[in-house]
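> Below are the sequence and a predicted model for it; my questions follow.
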Amino acid sequence: MTLDRAVLAFAGTMILLSVVLTLFVHPLWVWFTVFIGVNLIQSAFTGFCPAAMIFKAIGVKEGCAFR
């Protein structure tokens, strides 16, 4: 799995987790979903993604988006 796919899989998992938390725990968990969305948008424009840095540090091979 490349870094790009790992970041996308992680983001999707976090979005689904935040939706479940919003539905079953407390409605204010929706702000976690907002945070994830804002992070995805800023990484699209800047190329900076904390999750990509963490995955790269643990040895996931680079893809073409996050170098």
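Looks like it arrived, so ask away. Bear in mind the structure is a predicted one, so any value in this text is a computation, not a measurement. Numbering: from 1, shown residues only.

> residue contacts, the residue nearest to the spatial centre of the chain?
Taking Cα atoms, centre = their mean as the criterion, Ala11 is the residue nearest the geometric centre of the chain, at 3.0 Å. Contacts of Ala11 were listed using Cβ atoms under 8 Å, 6 or more residues apart in numbering, and they are Ile36, Leu40, Ala51. In this view, the C-beta of every residue, glycine as well, is placed from N, C-alpha and C.

> again, only using 6 Å
Leu40 (Cβ atoms under 6 Å, 6 or more residues apart in numbering).

> Where does pLDDT dip in this structure?
Along the chain, segments meeting pLDDT under 70 span 66-67.

> how about a cut-off of 90?
1, 47, 62-67 (pLDDT under 90).

> next one: the helix or strand containing Ala6 to chain centre, how far?
Per DSSP states H and E: Ala6 is located in helix 3-24. Helix 3-24 has its C-alpha centroid displaced from the chain centroid by 7 Å (Cα atoms, centre = their mean, to the nearest Å).

> which parts of that helix are buried?
Leu3, Asp4, Ala6, Val7, Phe10, Ala11, Met14, Ser18, Leu21, Thr22 (16 or more other Cβ atoms under 10 Å).

> distance of the third one from Leu23?
Computed with Cβ to Cβ, to the nearest Å, the distance linking Ala6 and Leu23 is 26 Å.

> ditto for the first one
Shown here: Leu3 relative to Leu23, a distance of 31 Å by Cβ to Cβ.

> and Cys64, how many residues sit next to it?
8 (other Cβ atoms under 10 Å).

> And for it, nearest residue in space, chain neighbours not counted?
Counting by Cβ to Cβ, 6 or more residues apart in numbering, Asp4 is the residue found nearest to Cys64 once chain neighbours are left out, at 6.6 Å.

> my read: that neighbour touches Gly63, true?
Yes: using Cβ atoms under 6 Å, Asp4 is in contact with Gly63, at 3.3 Å.

> What is the three-state secondary structure of Glu62?
Secondary structure, DSSP: H, G, I helix; E, B strand; the rest coil: Glu62 is coil.

> Sweet, I'm off.
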